[in-house]
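Novice: need a structure here:
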Amino acid sequence: MFTPVGGTQPLRVDVRLIASTNKDLEEEIAKGNFREEPLLPAQCCAVLCFPVARAQAGYSLLAREFLAEFGRQYGRPRMEIGEEALESLAQYHWPGNVRELKNVIERVLILNPRALRIERKHLPPLTHKSGSRSTEEFSTLQQARDAYEREYILKKIEEARNNISHAAELLGLERSHLYRKMKALGIGVRE
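Specialist: A predicted model of the protein is given here:
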């Protein structure tokens, strides 16, 4: 109950406050960056959610769950995920947390429609530890998109054993369109 400013009658309210932070509030209180008073009434139902990177086996459980969820959504048969792929997921620092992991799994499923098992080679370059890229290295979305598109086209060219006509077929593009894309992305012709 409270009495509004300028009012004379107290009002009864039923309020639920939901707040979140990526900070350790006890640590922030100790440093003097956060006052303890607002935290005391709110702590009755505190829920701690750790980032994917800190949740030991969390990434593998989440990856499998997202794989099953998107498999159902896209009408795909049940897919597995290989140990090397799981190791790659474990080595990545996941700055985008669960949303980033979910997006990666969905992208892998969409871009590999015939795969029944997700392997390391199916994962985008951002999740590979060796030669990994940080999202900070791209200043624009277009740069990130071009980098991913370049990697994907190179992967398909490799699958097609450098046969550009076959790679274009795998990509669902006209050969002339693939040549234009390759030129724009700085991919040399190796046919």
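Novice: quick one: low-confidence parts of this protein?
Specialist: 39-57, 126-138, 189-191 (pLDDT under 70).
Novice: strands of that one, start to end?
Specialist: With DSSP state E, the ranges of strands along the chain come out as 80-81, 117-118.
Novice: looking at the ones you listed, which is closest to N163?
Specialist: Closest approach to N163 among those is made by strand 117-118 (25.0 Å; CB to CB). All C-beta atoms are positioned from the backbone trio N, CA, C, and that covers glycine.
Novice: partners of that closest one in the sheet?
Specialist: Applying DSSP bridges to the sheet, strand 117-118 is found paired with strand 80-81 (parallel).
Novice: list the buried residues of stretch 179-189.
Specialist: Neighbour-count burial for stretch 179-189, counted by 16 or more other CB atoms under 10 Å, picks out 181-182, 187.
Novice: how many other residues sit next to I81?
Specialist: I81: 21 surrounding residues under other CB atoms under 10 Å.
Novice: quick one: contacts for D146?
Specialist: By CB atoms under 8 Å, 6 or more residues apart in numbering, the contact list for D146 reads L185.
Novice: returning to that earlier point: as JSON lines, the buried residues of stretch 179-189 with distance to K23 would be great.
Specialist: Formatted as JSON lines, the buried residues of stretch 179-189 follow (distance: CB to CB, whole Å):
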{"residue": "K181", "distance to K23": "44"}
{"residue": "M182", "distance to K23": "46"}
{"residue": "I187", "distance to K23": "43"}
